[in-house]
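S.K.: task: produce atomic coordinates for the following.
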Amino acid sequence: MKHQRGHAHAGQRALAAARGDDRDQLAGHFAHEEHGGYLAHVLEAAPSLERQVTKLRLQHSDFLERLDNLIRRLSVEMPESWKEARADFGKLTVELRGHEAAETALAQLAFSDSVETAQ
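M.R.: Got it, this is the predicted structure:
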């Protein structure tokens, strides 16, 4: 039984490490959007959308903080509730997808407005 438990703990640590890699990719994605990437282009095309862009940028740090907390919870030998952690990760994933959809919609608005203005 102890041998199986050791494999479970190793699996938990591997999962937490994988989430850490995902976290690094997400942080890089957000940094690119914020500094010369996607969101910067939205502001160049439509400066009037600054308030919406700022709101989306502020969500980036919240998402990373929540993911860091989740990774910490998964890193311990006996997390308080894997079911709860899985539910929290699912909720975070849904919210991230909504965030990305909002960014896409904002970009479409910015670039459709800039195309209309140029005509």
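S.K.: okay, buried residues for the lengthiest helix in the chain please.
M.R.: For the chain, the helix with the greatest residue count under DSSP state H is helix 82-118. For helix 82-118, a neighbour-count test (16 or more other Cβ atoms under 10 Å) marks 85, 88-89, 99, 103, 106-107, 109-110 as buried. Heads up, the C-betas are built off the backbone N, CA and C, glycines and all.
S.K.: mind putting those into CSV with distance to Asp22 and pLDDT?
M.R.: What follows is the buried residues of helix 82-118, written out as CSV (distance: Cβ to Cβ, whole Å; pLDDT from 0 to 100):
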residue, distance to Asp22, pLDDT
Ala85, 14, 79
Asp88, 14, 87
Phe89, 10, 84
His99, 15, 94
Glu103, 19, 92
Leu106, 24, 93
Ala107, 24, 91
Leu109, 29, 92
Ala110, 28, 92
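S.K.: Leu56: which of those is nearest?
M.R.: Glu103 (5.8 Å; Cβ to Cβ).
S.K.: and the residue nearest to that closest one when sequence neighbours are not counted, what helix or strand is that in?
M.R.: Among residues not flanking Glu103 along the chain, Leu56 sits closest, at 5.8 Å (Cβ to Cβ, 6 or more residues apart in numbering). Leu56 belongs to helix 50-75 when assigned by DSSP states H and E.
S.K.: what's the offset of that helix from the middle of its chain?
M.R.: Relative to the chain's own centre, helix 50-75 is displaced by 6 Å; criterion: Cα atoms, centre = their mean, to the nearest Å.
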